[in-house]
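>>> Kindly generate the corresponding structure for this input.
(4 chains)
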Number of protein chains: 4
Amino acid sequence: MKIADFEVGLDKPFFLIAGPCVIESRKHALEVAKMVRDITGELGINTLYKSSFDKANRTSGTSFRGPGIQEGLEILQEVRETAGIPVLTDVHTPEQVELAAKYVDMIQTPAFLCRQTDLIEAVGACGIPANIKKGQFLSPPEMINVTKKAEAAGGKGRITVCERGASFGYNNLVVDMRGLAQMRETGCPVVFDATHSVQLPGGQGDRSGGQREFVPVLARAAVAAGISGIFMETHPDPANAKSDGPNAWPTQKLKALLTVLQQLDQSTKAGGFSDTDL
Amino acid sequence: MKIADFEVGLDKPFFLIAGPCVIESRKHALEVAKMVRDITGELGINTLYKSSFDKANRTSGTSFRGPGIQEGLEILQEVRETAGIPVLTDVHTPEQVELAAKYVDMIQTPAFLCRQTDLIEAVGACGIPANIKKGQFLSPPEMINVTKKAEAAGGKGRITVCERGASFGYNNLVVDMRGLAQMRETGCPVVFDATHSVQLPGGQGDRSGGQREFVPVLARAAVAAGISGIFMETHPDPANAKSDGPNAWPTQKLKALLTVLQQLDQSTKAGGFSDTDL
Amino acid sequence: MKIADFEVGLDKPFFLIAGPCVIESRKHALEVAKMVRDITGELGINTLYKSSFDKANRTSGTSFRGPGIQEGLEILQEVRETAGIPVLTDVHTPEQVELAAKYVDMIQTPAFLCRQTDLIEAVGACGIPANIKKGQFLSPPEMINVTKKAEAAGGKGRITVCERGASFGYNNLVVDMRGLAQMRETGCPVVFDATHSVQLPGGQGDRSGGQREFVPVLARAAVAAGISGIFMETHPDPANAKSDGPNAWPTQKLKALLTVLQQLDQSTKAGGFSDTDL
Amino acid sequence: MKIADFEVGLDKPFFLIAGPCVIESRKHALEVAKMVRDITGELGINTLYKSSFDKANRTSGTSFRGPGIQEGLEILQEVRETAGIPVLTDVHTPEQVELAAKYVDMIQTPAFLCRQTDLIEAVGACGIPANIKKGQFLSPPEMINVTKKAEAAGGKGRITVCERGASFGYNNLVVDMRGLAQMRETGCPVVFDATHSVQLPGGQGDRSGGQREFVPVLARAAVAAGISGIFMETHPDPANAKSDGPNAWPTQKLKALLTVLQQLDQSTKAGGFSDTDL
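Numbering: from 1, shown residues only, chains lettered A, B, ... in the order given. Predicted coordinates for the structure are as follows:
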C-alpha cells in the first residue's frame, strides 16, 4: 500500500505518524513539523505530520477544540508545502472527509466513531489513504467488519487499521498485543498508536490523564509484535500542550526512541511471521 | 422532570421506553405500538414508544438500516396520533436533532456517540427531553461531564442518562449496578436499558449476539438498585426482527415481566436511598 | 438443601451469613453474635454467624490475622452455645477442613482458592454444608467444574456457591448479575456476598479499600435477580474493624437493609424464574 | 541476583525457564530436558528446566495431576544430574516448599496462590531462588506487597516476579506490557510467562484452551518491553501433552523463536530504560 510517496507494509520498515494532538497555531504547527521532519529525515523514517483541526470529543465541553476545519486544513497545507512533509488529520463527519481529502495526504477516523457506517463509507470513497482507529470497545477481529465497509465503498488498498488500547475496567486502557497480529486478517497494514494507548480516560475528572512514561515500553513491544506503522503524538512542551499533554511524547526525546524502534523493527521483520500460522 | 405529560424521577414509579429496535414498516410500527400501549395502559405505566429510523452503526455494512429520517419521523408521528402514545427516536448528528425534535416527544443519543460534543450540545439545545446513553467505554461518574455539556447548551431539566452495559473483555458487556447509583450525581433521572445490556457485541462474527434470557434478571436487579426509567426493546417475533432480535424481549411476555418490576420498584422506593449516603 | 436446622433454596426466603470479617476477641464475637441474632430473629431470617480465625491472604504481611484455628474454633463454639446461633468459618487447607467441621455448622472456602482441587475435595468429603466462593478470575459457568469436584468427593446436596465480584480492570470488582442466574446450573443454592463485592482490591496501596455505600444497591439488585442466600460482613464500628472495615456494613443499619431485602425477595420469588428458560 | 550458577537482571541477557507443564514420565522428562539443554546451550542462553510434580488446580477434578511430590522431585534430580541442566518446579504449600528446596535450583509459586501469606513466607525462608507468579486478579504494583512478605521472611535477593496475564472479561487473559515495567519497582527481576499468557481459562468447558499461535507475538513484545527472564512451556508433541497442550510451544520451533528474542533483547537492553523515568 502506498501513502504519499512511500510504500508501507510488514515487509517494509515502519512508517511514522507524528505531531501535536491539536493545531495550536500556524506558527507552532510549522515549528513542530520542521522538528519532526528533521529528526525522521535523519533516521530515514517515512513520516506523516499529524494534527487535528477540531477536537470533537473532549471530555469537557469547555476545553480547547482547535482552529476549525477551514483554517486548520490551510495550516496543514502550508506545513506540507513549507516543511516538505506529508500531512494527516482526523475527520468526524462525511462532509469533513470530502473537504479534508483535498488538503491532506491521509485522513484518520477517531476510535469512538469506528462503527458509524456513513463515516467509514465516506472514508472508503474519498480516494486517499485512511487510518481507521479501532474503538476501545471493539475486539480486534471485529475490525474486519469495519474495513469491509470501507472497502465496499471503494477504499480497497487505501486503508490502515490502528490499535489505541481497549477498555480495561474504568479509566484505564490496555493494549492487547495479540490484536496487532489478529488485525492483519483485515488485509490492511496495522498501525500502533503509542500515545493514546497510555491515556487514562477521564482519569483527572474533567479531563483524561496519561502515562507518558509507558510510551517507550508499549512502542517497543508493539514494534516487536510486528507492525507496519507507529502513531505517536509529540509536543516540544507537553506540560503546556493544549490537548493530551499527559500522554504526548517530548519531541526532544523522539530521536532516541525511534532509534531503538528501528533496530527492533529490523530484527522482528527479519525473523518473519510464519510462526503465527500454527 | 417532565416527559410528554408525565413526571419522572426516583420519587415516582418507573417510566418505560419500549418498542422494536428499528422501524420495520408503517404497519408493523402501528401494530406493535398498540400492543405496547395496551399492555402498559392496563398496568398504569407511563410509556414512550421507541423505534429507530436509521441504524447508523450496524456491525456490518450490509445489514438493514431502516426507512430513513423523513419517512421514519412521519411514521412515528402517525404512531403518536393513531395509537395515542408518546414517541422517542434516536439521532446521530446535530442536523437530525433539530428535525427529529419537531416530530417526537423525546430523543435519544447512541452510546458510541456520548462524547461527540456537537451532538450532545445540539441535544441540550433542542428544547425537548433527551435520553443520553452512556458509552460502553465510560465510567459512570464521567457522565457528569457529558450532562454538563448538554446543560450548558440549554438542556437543564430535560436530560436523562442511560446505562446499557460496559465493555468487559471482548464481545461481552457487564452491567455494574453501582453505576446506576453513581449516575444520580448527574442530577438527571437514571434509565436502565435492559435489552442492549444483554448484547454480545460482534458475538456472531458479522453481527451482534444477545442473551434475551437474562433480560428479566438484569431488569429486576436494576429496578431494585433504584432507577427512574426502563428501556426495553420488544418485538412480537424476535426471531424475525430486522435488528437486534437476539436481545429483544418478546412482546407477549412484556406484561408478566413489568408486573414483577412494578412490585420491586414500589418496595425499593418505599425503602428510600439514604443508605447510599454513608 | 439443609443448613443447621433450616432449609435453603430458591423456593424459600433467603438465608443470611453475617458477622465481623475476623474474630477480634472472644468478648467481641459474643457481643456481635447476639446483636446479629436479635436483629435477624426479629425479622425471622435464618442466619449463620460468620467470622474467620485466620486471615490467610491479607494484602500486607504485617496486618492482623486473627486468633488462630484452635482458639478461633473454640470461640465460635461458645458463640453457638451461648448466643444460640449457628456458625460458619472459612478454611484454607484440607487439614483445617477436617478440624473445623467438628466445630461449626457450615464451612466456607476463599475465592482465591476455588481451583485448589485438594481443598475442594476435602470440603466435599467433610460431611457438613460448605459455601464455595467463586474466584474473581472465574466465569460463572466454570463453577460447575468446581462443584463437580466437591460432589465427586461426597459433597452432593451440601454445597452452596457464592459470588463476590469479578476482576474488572485493576483494583476494582464488578458484580455480573447474570452470573447469579447462570450459577443455578450447578444445581447448588446461590449466595451473594454483598460486602466483598464492594472491595477495591489493593485500592489503598498496602490494603484493600471498600465502597460500603454500595452494599445496599448491590444487595437489593442481587435479591431481585434471585438468590438463595446473602453473605454480609457486619461490624458495630467499621472504622475500627481489624479487617475489611471499609466494606463492612454497620450492624446498626442491618435491620433497615434486611427489611427491604425481605420485601424484594418475596416479590421476586413470587414472580418465578421461568423467564430465564427462553 | 544469582540462580544456579548464572546471574540474572536487566543488565544481563534474558534467562529461560522451559519444559513440559507436568512431569509425564521419567523417560519423557529426560528426553525433553536434553532437547532443551542442547538448544539453549547452542544459543548460549542460561536455562532452567521446568516441570510440575502435581497440577493442584486443574479445571476439572478428573484431569491428570502428575507423579506426586516424592517421585517428581527424584525425577527432577535425575534430570539435573543426567542432563546437566538446573531445574525448577512449583509448590503449593509451605510443607512442599521445604521438601522441594532440597532437590531443585529454583521454586515457583502458582498465580492463584500469590496472596497466601504462609506460602509466600515459606518461599522467602527456604534459602533458594523463587519465581512468584502474579495473580490474574492482581495489579502490577500490588506485587510489591507480595515480595515484601517474602523478603521479610528472608527472601531478599532471591525472588523473581512473573507476569502470566490478567483477567480480561471471561475466559480470556490480557498481558499489560506496562506491568513488566511497573513490576521493576519490586526490586526483583521480572520474568514473562509466554505460554500461560495465551491460555483461555475454562475456554473448553471442562478444561482451558490456548492460543499457541500468539506465543511468539507476546514473547517478542515482552522482550522488547524489557525483562530479565522468559518462562515458556514446551513440548515435543503438544497435541498429546498431558496438561496445557493448547498453549505449549513446540520444542522443534524453540530455537527459531529464541534466536529472534536474543536479538530483540540485545537491542532493547542496549537502548536502556531511563526513558521510563519521565
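>>> In chain A, what residue lies closest to chain C?
Residue nearest to chain C within chain A: A:Gly169 (1.4 Å; Cβ to the nearest Cβ). C-beta coordinates here come from the backbone N, C-alpha and C atoms, glycine included.
>>> which SS class is that residue?
Judged by DSSP: H, G, I helix; E, B strand; the rest coil, the three-state class of A:Gly169 is coil.
>>> Give me the number of neighbouring residues for the closest residue to A:Ala153 other than its chain neighbours.
Counting by Cβ to Cβ, 6 or more residues apart in numbering or on different chains, the nearest residue to A:Ala153 once its immediate chain neighbours are dropped is A:Gly124, at 3.2 Å. Neighbour count for A:Gly124, taken as other Cβ atoms under 10 Å in any protein chain shown: 24.
>>> name the helices or strands packed onto the host helix or strand of A:Gly124?
Per DSSP states H and E, A:Gly124 falls inside helix A:117-125. Contact analysis of helix A:117-125 by 3 or more Cβ pairs under 8 Å, 6 or more residues apart in numbering or on different chains; DSSP states H and E lists helix A:94-100, strand A:106-109, strand A:130-133, helix A:143-150 as its packing neighbours.
>>> Same list (those) but as JSON lines, adding mean neighbour count.
Putting the helices and strands packed on helix A:117-125 into JSON lines (neighbours: other Cβ atoms under 10 Å in any protein chain shown) gives the following:
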{"stretch": "helix A:94-100", "mean neighbour count": "18"}
{"stretch": "strand A:106-109", "mean neighbour count": "23"}
{"stretch": "strand A:130-133", "mean neighbour count": "27"}
{"stretch": "helix A:143-150", "mean neighbour count": "24"}
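>>> could you dump the ones you listed to JSON lines with mean pLDDT and distance to A:Asp38?
Putting the helices and strands packed on helix A:117-125 into JSON lines (pLDDT from 0 to 100; distance: least, Cβ to Cβ, whole Å) gives the following:
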{"stretch": "helix A:94-100", "mean pLDDT": "97", "distance to A:Asp38": "26"}
{"stretch": "strand A:106-109", "mean pLDDT": "98", "distance to A:Asp38": "21"}
{"stretch": "strand A:130-133", "mean pLDDT": "98", "distance to A:Asp38": "23"}
{"stretch": "helix A:143-150", "mean pLDDT": "97", "distance to A:Asp38": "34"}
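>>> For chain D, find the nearest of those.
Here helix A:143-150 is closest among the helices and strands packed on helix A:117-125 (Cβ to the nearest Cβ), at 16.4 Å.
>>> for that closest one, packing partners?
Counting by 3+ Cβ pairs under 8 Å, 6+ apart, helix A:143-150 packs on helix A:117-125, strand A:130-133, strand A:159-163.
>>> Show me what from the stretch 101-250 of chain A comes close to chain D.
By the rule Cβ under 8 Å from any Cβ of the partner chain, the part of the stretch 101-250 of chain A lying against chain D is A:166, A:168, A:174-178, A:180-181, A:198, A:211-218, A:220-226, A:250.
>>> And stretch A:173-183, end to end?
Terminal residues of stretch A:173-183 are spaced 18 Å apart (Cα to Cα, to the nearest Å).
>>> err, stretch A:122-142, not the other one
19 Å.
>>> Around A:Ala270, how many other residues sit close by?
9.
>>> Equivalent analysis for A:Glu142, please.
24.
>>> mind listing what the closest residue to it other than its chain neighbours touches?
Spatial nearest neighbour of A:Glu142, excluding adjacent residues (Cβ to Cβ, 6+ apart): B:Gly202 at 4.2 Å. Residues in contact with B:Gly202 (Cβ atoms under 8 Å, 6 or more residues apart in numbering or on different chains) are A:138-139, A:141-142, A:145, B:59, B:170-171, B:208.
>>> since we're on A:Lys102, how many residues are nearby?
The burial count for A:Lys102: 11, using other Cβ under 10 Å.
>>> Which residues are in contact with the residue nearest to it when sequence neighbours are not counted?
Closest residue to A:Lys102 apart from its sequence neighbours, by Cβ to Cβ, 6+ apart: A:Leu73 at 7.9 Å. Going by Cβ under 8 Å, 6+ apart, A:Leu73 touches A:53, A:89, A:99-100, A:102-104.
>>> Need the distance between the two termini of stretch A:102-114.
End to end - Cα to Cα - stretch A:102-114 spans 22 Å.
>>> Any idea which of the helices and strands packed on helix A:143-150 gets closest to A:Gly84?
strand A:130-133 (21.0 Å; Cβ to Cβ).
>>> low-scoring pLDDT stretches of chain A, where are they?
A:274-278 (pLDDT under 70).
>>> Spell out which residues of it are next to chain C.
Residues of chain A lying near chain C (Cβ under 8 Å from any Cβ): A:168-170, A:172.
>>> what's the closest of those residues to chain D?
Nearest to chain D among the residues of chain A next to chain C, with distances taken as Cβ to the nearest Cβ, is A:Phe168, at 7.0 Å.
>>> Excluding chain neighbours, what is closest to that closest one?
Closest to A:Phe168 by Cβ to Cβ, 6+ apart is A:Val174, at 3.8 Å.
>>> hang on, isn't that neighbour packed against A:Ala166?
Yes - with contact defined as Cβ atoms under 8 Å, A:Val174 reaches A:Ala166; the gap is 5.9 Å.
>>> between these two, what contacts are shared?
D:Val174.
>>> quick one: which of these two has more around it?
A:Ala166 (26 against 22).
>>> next one: phi and psi at the more buried one?
phi -120, psi 150 (degrees, to the nearest 10).
>>> now A:Val104
phi -110, psi 170.
>>> Give me the distance between it and A:Ile128.
The gap separating A:Val104 from A:Ile128 is 7 Å, by Cβ to Cβ, to the nearest Å.
>>> Also A:Phe231?
A:Phe231 sits 17 Å away from A:Ile128, going by Cβ to Cβ.
>>> list the contacts for the residue of chain A closest to chain C?
C:168-170, C:172.
>>> let's see 10 Å
B:139, B:166-168, B:176, C:167-174, D:139, D:168 (Cβ atoms under 10 Å, 6 or more residues apart in numbering or on different chains).
>>> The helix or strand harbouring A:Ala270 and chain D in contact?
Following DSSP H and E, one finds A:Ala270 within helix A:254-271. Yes - applying Cβ under 10 Å from any Cβ of the partner chain, one finds that helix A:254-271 is in contact with chain D at A:256-257, A:259-268, A:270-271.
>>> That helix: which residues count as buried?
A:254, A:257-258, A:260-265, A:267-269, A:271 (16 or more other Cβ atoms under 10 Å in any protein chain shown).
>>> how near is A:Met143 to B:Phe137?
A:Met143 is 16 Å from B:Phe137, by Cβ to Cβ.
>>> one step back: orientation of the helix holding A:Ala270 relative to helix D:254-271 in degrees?
170 degrees (axes from the mean of the first three to the mean of the last three Cα atoms, to 10 degrees).
>>> I figured A:Phe192 hits A:Ala221, correct?
Yes - shown here, A:Phe192 and A:Ala221 form a contact pair, counting by Cβ atoms under 10 Å, at 9.0 Å.
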